[in-house]
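In: The following block contains a protein sequence and its predicted model.
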Amino acid sequence: MAYTFYGNENADVTAVNGGYPGIRTPKDLYDVLCGVWCEYTCAPRLRQGYSRRHITSGQCSITAFLVQDIFGGRVYGIPREGGTFHCYNDVDGHVFDITSEQFEGEDLCYEGNPEQFREVHFAKKEKYERYRYLCRALKLACGVKPDYRYIFFDLDGTLTQSEFGIVDSVIYALKKFGIEGQDREDLKKFIGPALFESFQNFYHFNKEDADRAVVYYREHYEKEGIYMAPLYDGVEDMLRDLKAMGKKLFAVTAKPQEMAEKVLAHTGIDGYFEAVVGPDRSARQTDKASLIRRALELLARSEAELCEQEEADSGSGGSTSAPDRGEIIRRIAAHSLMVGDRHYDIEGAVGTDLASMGVLYGYGDRRELTLAGATYIVGNPAEAVKVIAGS
């Protein structure tokens, strides 16, 4: 193919990092990234006008540092309006800019520009998360198969079709405040986020009223609604297949843990899970990232205990140093996958550096899951099994 990015004729350098099979030159990288760059990897301020025609728009800094990962060299930035920089690469005097096509013929100056450093750019959390996503997505596109051993499942909208009991309970709570005639379809927005936040965000309740609304909701939900959440078709087959593969399954949900345990027991799938991770009943605010961290900590403790037991069994007498908890968590995270139906689940995974899978049979849609940074998107439980089995 004909390449039009700046310096393409000068991009005669070879990879020094073999972690991306098939990527030998910047042109190879460009070819693969054309199937990886997306609206999520685009800088948020530029997403509104993002399209396949402008595929390199908003991709410059995370791409330039990825180029540096693979080919070495330095990253420089062309000053732009608003104090931002357009980043490009210089590898041993070979200057090239594989995201230059977004400027459609504008003359950019590639001389005398300041060097850019990842410590500065990645101080912005959203940029670092997009960079990490780009690295993972590129590895997948290069055929590097991850080894997912720990699968974290959201509950409502992922395992159970929970709208019936949740919506009925929300209606019950709202009636206590004289609010009636709400559209049931609209009330599905309560599925996913924490209840306290939902009553505040959707109905502008103050803290006291939001607390009361949660009490009313649970009054109805624990009596009736909790049992109105059938499994989606194929969910139990999915869990059974994953267990047969040796995967360890965890339920990670914003629903209070004791309620989640009741739902899983009622539907008969509780035996598939190593543990259920959810907030305490008294928690007003919960986010998936904090719950995922708890699940990782839980796994890290058991992993550390296993290492200690293996040392004892080997007769080393504990002479080797204890495993570093942070390193154990990073290792576990690299082998973990979060599965959910809403952006809360995907954002929680992105925020903890986990791969994620969005499911379309729940209450989110493809655009929501894509913009949140889902590593995979599947249409049904059987597809989820195929993806995980192929990892």
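Out: Perfect, I can see it now. Numbering: from 1, shown residues only.

In: Now do the helices in the stretch 251-391 of the chain.
Out: Listed in chain order, the helices found in the stretch 251-391 of the chain under DSSP state H, counting those that start in this stretch are 257-267, 288-314, 325-334, 343-351, 366-372, 381-389.

In: counting contacts, what elements does the last one pack onto?
Out: Packed against helix 381-389 by the contact rule (3 or more C-beta pairs under 8 Å, 6 or more residues apart in numbering; DSSP states H and E) you find helix 235-244, strand 355-359, strand 376-378. (C-beta placed from N, C-alpha, C; glycine too.)

In: between that helix and helix 235-244, how big is the angle?
Out: Interaxial angle, helix 381-389 versus helix 235-244 (axes from the mean of the first three to the mean of the last three C-alpha atoms, to 10 degrees): 20 degrees.

In: got the contact list for helix 381-389?
Out: Defining contact as C-beta atoms under 8 Å, 6 or more residues apart in numbering, one finds that helix 381-389 is touched by 148, 151, 232-235, 237-238, 241-242, 245, 247, 337, 339, 357, 359, 361, 376, 378.

In: before we move on, back to that, out of the helices of the stretch 251-391 of the chain, indicate the one that is most buried.
Out: Mean neighbour count (mean count of other C-beta atoms under 10 Å) peaks for helix 343-351 among the helices of the stretch 251-391 of the chain, with a mean of 25.

In: roughly how far is it from the heart of the chain?
Out: Helix 343-351 sits 4 Å away from the centroid of its parent chain (C-alpha atoms, centre = their mean, to the nearest Å).

In: CA atoms only: put it into CSV for me.
Out: C-alpha atoms of helix 343-351 as CSV (Å, rounded to 0.1, in the frame of the first residue of the first chain):
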residue,chain,number,x,y,z
HIS,A,343,-19.8,1.3,31.2
TYR,A,344,-19.4,1.1,35.0
ASP,A,345,-18.0,-2.4,34.6
ILE,A,346,-15.7,-1.5,31.7
GLU,A,347,-14.4,1.7,33.4
GLY,A,348,-13.7,-0.2,36.6
ALA,A,349,-11.6,-2.7,34.6
VAL,A,350,-9.8,0.0,32.7
GLY,A,351,-9.1,1.8,36.0
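
In: so how many other residues sit close to Ala64?
Out: 27 (other C-beta atoms under 10 Å).

In: Double-check that it belongs to a helix.
Out: Yes. Looking at Ala64 with DSSP: H, G, I helix; E, B strand; the rest coil, it is inside a helix.

In: Tell me the pLDDT of it.
Out: For Ala64, the pLDDT comes out at 98.

In: Disregarding flanking residues, what is the spatial nearest neighbour of it?
Out: Cys87 (3.7 Å; C-beta to C-beta, 6 or more residues apart in numbering).

In: so that neighbour is in which element?
Out: strand 85-91 (DSSP states H and E).

In: elements contacting that strand?
Out: Counting by 3+ C-beta pairs under 8 Å, 6+ apart, strand 85-91 packs on helix 60-71, strand 74-79, strand 94-96.

In: wait, the residue nearest to Ala64 sits on Gly58?
Out: No. Cys87 lies out of contact with Gly58 (C-beta atoms under 8 Å); the separation is 11.5 Å.

In: just to revisit the earlier point, nearest to Ala275, out of the helices and strands packed on strand 85-91?
Out: helix 60-71 (34.6 Å; C-beta to C-beta).

In: now the angle from the closest one to strand 85-91?
Out: Going by the same axes, to 10 degrees, helix 60-71 makes 10 degrees with strand 85-91.

In: helices or strands up against helix 60-71?
Out: Checking 3+ C-beta pairs under 8 Å, 6+ apart, helix 60-71 ends up next to helix 26-33, strand 74-79, strand 85-91, helix 118-121, helix 125-141.

In: How about residues contacting it?
Out: 13-17, 19-20, 23, 26, 29, 33, 37, 41, 43, 56, 73-75, 85-89, 91, 97-99, 102, 116, 118, 121-122, 127, 130-131, 134-135, 138.

In: Alpha carbons of it, in PDB - could you do that?
Out: What follows is helix 60-71, C-alpha atoms only, in PDB (Å, rounded to 0.1, in the frame of the first residue of the first chain):
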ATOM      1  CA  CYS A  60      -0.700  11.100  18.600                       C
ATOM      2  CA  SER A  61       0.700  11.000  22.100                       C
ATOM      3  CA  ILE A  62      -0.300   7.400  23.100                       C
ATOM      4  CA  THR A  63       0.800   6.200  19.600                       C
ATOM      5  CA  ALA A  64       4.200   8.100  19.800                       C
ATOM      6  CA  PHE A  65       5.000   6.500  23.100                       C
ATOM      7  CA  LEU A  66       4.000   3.100  21.800                       C
ATOM      8  CA  VAL A  67       6.300   3.600  18.800                       C
ATOM      9  CA  GLN A  68       9.100   4.500  21.400                       C
ATOM     10  CA  ASP A  69       8.300   1.200  23.200                       C
ATOM     11  CA  ILE A  70       8.800  -0.800  20.000                       C
ATOM     12  CA  PHE A  71      11.500   1.100  18.200                       C
END
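
In: can you give me the offset of that helix from its chain's centre?
Out: For helix 60-71 - counting by C-alpha atoms, centre = their mean - the centre lies 21 Å from the chain centre.

In: what do you get for stretch 104-115?
Out: 34 Å.

In: again with stretch 240-251
Out: 20 Å.

In: Check which residues of it are buried.
Out: Neighbour-count burial for stretch 240-251, counted by 16 or more other C-beta atoms under 10 Å, picks out 241-242, 247-251.

In: Take the helices of the stretch 251-391 of the chain and lay them out in CSV including distance to Asp183 and mean pLDDT.
Out: Shown next, in CSV, are those (distance: least, C-beta to C-beta, whole Å; pLDDT from 0 to 100):
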stretch, distance to Asp183, mean pLDDT
helix 257-267, 25, 95
helix 288-314, 27, 77
helix 325-334, 40, 90
helix 343-351, 21, 96
helix 366-372, 19, 96
helix 381-389, 29, 97
